[in-house]
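**Q** Structure of the sequence below:
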Amino acid sequence: PLSLFIDANPWHASIRRWLGLLELNESEECSGGLGHLQFAVETLQKNATSLPVPQLVQTQISLGYARYLEGKSEEAKALLEGAEDQLKSMMGSEVETHPDLARSQNFLGMVLRDAGSLSEAKAAHSKAFDISNATLGEKHPETAKAEANLALVLLLEGSKDEAEAKHAQALRRFAESNPFGESHPDYAKMEKAWKEKA
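**A** Numbering: from 1, shown residues only. Have a look, this model is predicted:
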């Protein structure tokens, strides 16, 4: 039947991935987005030999973030580390400058920070920031998000002045990097995360 073809189609998986990301961005309630992302990963894994690996890796990174939001830190960590291993096997040393590695490192840093592994979290967020800054530019939302997360770790380590300066810079950078400025939902999320830790 046609429905079986559609459900097994990698392009359908790609659409479900984007639906999952949209639902995650609209709300931190993960259930709907999680279902879309899980479906996408499973479908892409079935078709992995006929697909470009980046699509699977990007979806796995997104699912790792969703699991983090759901409070499943160990599962999130395993998904993110697995995605990074796939990137490394696919790209070799070039992976160290790839935006997908930056995204994964940023999410992994969040998992590590919440687990209390601050030095590892700081290293992950620093790496995410450096890669994003070098490949996407200093006025890019991903660069700003990595810097904001690095600021949170610095705050938790007790480096309040440095943390406040980085946080303010990250907010400025984020506002300048998108057409919605301070009205963007992620700007509010960055402010909320800061207030919860400060």
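
**Q** What's the separation between Lys72 and Glu147?
**A** According to CB to CB, to the nearest Å, Lys72 and Glu147 sit 26 Å apart. Bear in mind the C-beta positions are built from the backbone N, C-alpha and C, glycine included.

**Q** Tell me which of the two has more neighbours.
**A** More neighbours surround Glu147 than the other of Lys72 and Glu147, with 25 against 17 (other CB atoms under 10 Å).

**Q** Just the pLDDT for that one.
**A** pLDDT for Glu147: 98.

**Q** Tell me, how many residues neighbour the closest residue to Gln58 other than its chain neighbours?
**A** Excluding its sequence neighbours, the residue lying closest to Gln58 (CB to CB, 6 or more residues apart in numbering) is Asp100, at 6.0 Å. Asp100 has 19 neighbours, counted by other CB under 10 Å.

**Q** State the helix or strand in which Asp100 lies.
**A** Asp100 is located in helix 99-114, with elements delineated by DSSP states H and E.

**Q** Remind me what that helix packs against, helices and strands.
**A** helix 53-70, helix 73-91, helix 118-135, helix 141-157 (3 or more CB pairs under 8 Å, 6 or more residues apart in numbering; DSSP states H and E).

**Q** export the ones you listed to a markdown table and tack on distance to Val111?
**A** A markdown table is the format used below for the helices and strands packed on helix 99-114 (distance: least, CB to CB, whole Å):
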| stretch | distance to Val111 |
| --- | --- |
| helix 53-70 | 5 |
| helix 73-91 | 5 |
| helix 118-135 | 8 |
| helix 141-157 | 11 |
